[in-house]
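Colleague: With the sequence up front, the predicted model follows.
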2 protein chains.
Amino acid sequence: MNDGKPQAGAGLLFLREEEMRLAQDLLFFAYRDFTGAADPILEELGLGRAHHRALHFIGRNPGIAVTELLGILRITKQSLARVLGSLVAEGYVRQTPGRTDRRQRLLTLTSSGQAFERRLYERQRDRLLAAYREAGPQAVDGFRRVMRAIMDKQARAYLDGPARGGAGGRDERTQDPAS
Amino acid sequence: MNDGKPQAGAGLLFLREEEMRLAQDLLFFAYRDFTGAADPILEELGLGRAHHRALHFIGRNPGIAVTELLGILRITKQSLARVLGSLVAEGYVRQTPGRTDRRQRLLTLTSSGQAFERRLYERQRDRLLAAYREAGPQAVDGFRRVMRAIMDKQARAYLDGPARGGAGGRDERTQDPAS
DNA sequence: TCCTTTAAGTCAACAATCCTGTCTTATGCA
DNA sequence: TGCATAAGACAGGATTGTTGACTTAAAGGA
């Protein structure tokens, strides 16, 4: 990075600060417009972004336990309970007792929950796909690297979990809890 | 990416969907932990993330008009008024009438506002800097390209505005409104 | 079996953040 | 002069988040 030019100090520090300020802006605007893309669908169904986040991670982790979902969303039990309550009440999410640990209420999307989540997904996908095409595969690789590096160890470990990334294997949770 | 294997259809579609799902995850976790990095400082001063966002964009655009800030944050006048009210009351933000348009109340950080914003910035900077170092300059370039491509035209235009990006020139707003 | 811990849910109360709609004041501008 | 715009204010409400205390059921070790 420092390519050995004589006067190193203030000028480079300025550049570095502007780089970091730009990164702040990028994260704000990209996230703002990425999440905003699904808003029309949510409004149509009378739900909010909190519901969307829950649907996304339940859809992505069928049979996830409540505690695990809380750890992902980083919200309190109460906050999740409210959101989850309406999702269950409207038939988007099903709760089934854990087989090995019967204290758990494993969460799964119903078929209408899957359909709803897919509509939300498609809006964000369209935007992401266009961005990926515009930026090109090499940029996409860099994007992934930086985004992974920004997040906590814990989140990286989650992304590397058996359900994702791994060579095609579905993990045990994917055996859908019998309705 | 498509390395010319015979059976093209379903398998590749699956891969593409997993790519998009991963992108959703990346945006959620990176944003969650990026914003979370400043939370301890905010809590210390008894302010919230909404205050941080306002401070950031006022600091980045000294002398910004209220309407322009509303357009960036995409919130309503009422929401901003509440946040701005406390920032002004606690002496972090100064409002000065516009010189050319006296209806405007141009927003600037006071020196204590600058100091506060800097503390918040430094937390996020540390995380971003570590991520940039870990991912490497080429990845950073890709990150920027993809993030820019995700956001709205309007936001890209903002980032290309005269105050940023341009070859070193400060724009007229930077002439700080006389206190 | 007894005891502790854990998973989940619940209730009450509250705080932050956002929204809508309506109105006023001052100013810009044709 | 008349309309549009910038900003602020008021009233009321919705969403999303918080804390703290408590209950129920089940797991799991001594």
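Modeller: That came through, no problem.

Colleague: rest of the way, CA atoms for contacts and neighbours
Modeller: Noted.

Colleague: Return the residues of chain A in contact with DNA strand C.
Modeller: A:65-68, A:77-78, A:81, A:85, A:95, A:103-106 (Cα under 7 Å from any atom of the strand).

Colleague: run the last query once more with 6 Å
Modeller: By the rule Cα under 6 Å from any atom of the strand, the part of chain A lying against DNA strand C is A:65-67, A:77-78, A:81, A:103-106.

Colleague: A:L73: what's it in contact with?
Modeller: Going by Cα atoms under 8 Å, 6 or more residues apart in numbering or on different chains, A:L73 touches A:53-54.

Colleague: need the strands for chain A, in chain order.
Modeller: All strands of chain A, identified by DSSP state E, fall at A:93-97, A:105-109.

Colleague: hey, which of those is tucked in deepest?
Modeller: strand A:105-109 (a mean of 24; mean count of other Cα atoms under 10 Å in any protein chain shown).

Colleague: helices or strands next to that one in the packing?
Modeller: In terms of contacts (3 or more Cα pairs under 8 Å, 6 or more residues apart in numbering or on different chains; DSSP states H and E), strand A:105-109 is packed against helix A:49-60, helix A:66-73, strand A:93-97.

Colleague: mind saving the C-alpha coords of the last one as CSV?
Modeller: Yep, that's strand A:93-97 we're talking about. Extracted in CSV, the C-alpha atoms of strand A:93-97 (Å, rounded to 0.1, in the frame of the first residue of the first chain):
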residue,chain,number,x,y,z
VAL,A,93,-44.2,-20.2,10.2
ARG,A,94,-44.7,-23.6,11.9
GLN,A,95,-43.3,-24.6,15.2
THR,A,96,-42.6,-28.2,15.9
PRO,A,97,-41.1,-29.8,19.1
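
Colleague: Within its sheet, name the partner strands of it and how each one runs.
Modeller: Here strand A:93-97 is paired, per DSSP bridges, with strand A:105-109 (antiparallel).

Colleague: quick one on the thing from earlier: which of the residues of chain A next to DNA strand C tops the neighbour count?
Modeller: Most neighbours among these, by other Cα atoms under 10 Å in any protein chain shown: A:L106, with 23 neighbours.

Colleague: For that residue, name its beta-bridge partners.
Modeller: Beta-bridge partners of A:L106, counted by DSSP bridges, are A:T96.

Colleague: isn't it right up against A:L69?
Modeller: No: counting by Cα atoms under 8 Å, A:L106 stays clear of A:L69, with 10.2 Å between them.

Colleague: Can you point out the buried residues in stretch A:37-51?
Modeller: A:37-39, A:41-42, A:51 (16 or more other Cα atoms under 10 Å in any protein chain shown).

Colleague: What's the mean pLDDT across it?
Modeller: Stretch A:37-51 carries an average pLDDT of 96.

Colleague: Same question for stretch A:133-145.
Modeller: Stretch A:133-145 shows a mean pLDDT of 96.

Colleague: biggest helix in chain A by residues?
Modeller: helix A:9-36 (DSSP state H).

Colleague: So for A:L87, what's the nearest residue that isn't a sequence neighbour?
Modeller: Spatially, and ignoring its direct neighbours in sequence, A:L87 is nearest to A:V93 (5.6 Å; Cα to Cα, 6 or more residues apart in numbering or on different chains).

Colleague: Tell me if the helix or strand of chain A with the lowest mean pLDDT is near DNA strand D.
Modeller: Every helix and strand of chain A was ranked by mean pLDDT, DSSP states H and E. The lowest is helix A:9-36, at a mean of 88. No: counting by Cα under 6 Å from any atom of the strand, no contacts exist between helix A:9-36 and DNA strand D, the nearest distance being 11.7 Å.

Colleague: Helix A:49-60 and that helix, what's the angle between them?
Modeller: For helix A:9-36 against helix A:49-60, the angle by axes from the mean of the first three to the mean of the last three Cα atoms, to 10 degrees is 80 degrees.

Colleague: What residues sit buried inside helix A:9-36?
Modeller: A:19-35.

Colleague: thinking in terms of the whole chain, how far from its middle is it?
Modeller: Centroid separation between helix A:9-36 and its chain, computed with Cα atoms, centre = their mean, to the nearest Å, is 21 Å.

Colleague: Which strands and helices lie in contact with it?
Modeller: In terms of contacts (3+ Cα pairs under 8 Å, 6+ apart), helix A:9-36 is packed against helix A:111-135, helix B:9-36, helix B:111-135, helix B:137-150.

Colleague: For stretch A:110-118, C-alpha coordinates in PDB please.
Modeller: Taking C-alpha atoms only, stretch A:110-118 is exported to PDB below (Å, rounded to 0.1, in the frame of the first residue of the first chain):
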ATOM      1  CA  THR A 110     -45.000 -23.300   5.800                       C
ATOM      2  CA  SER A 111     -45.700 -23.500   2.100                       C
ATOM      3  CA  SER A 112     -47.300 -20.100   2.200                       C
ATOM      4  CA  GLY A 113     -44.400 -18.800   4.200                       C
ATOM      5  CA  GLN A 114     -42.000 -20.100   1.600                       C
ATOM      6  CA  ALA A 115     -44.100 -18.400  -1.200                       C
ATOM      7  CA  PHE A 116     -44.100 -15.100   0.700                       C
ATOM      8  CA  GLU A 117     -40.400 -15.300   1.500                       C
ATOM      9  CA  ARG A 118     -39.700 -16.100  -2.100                       C
END
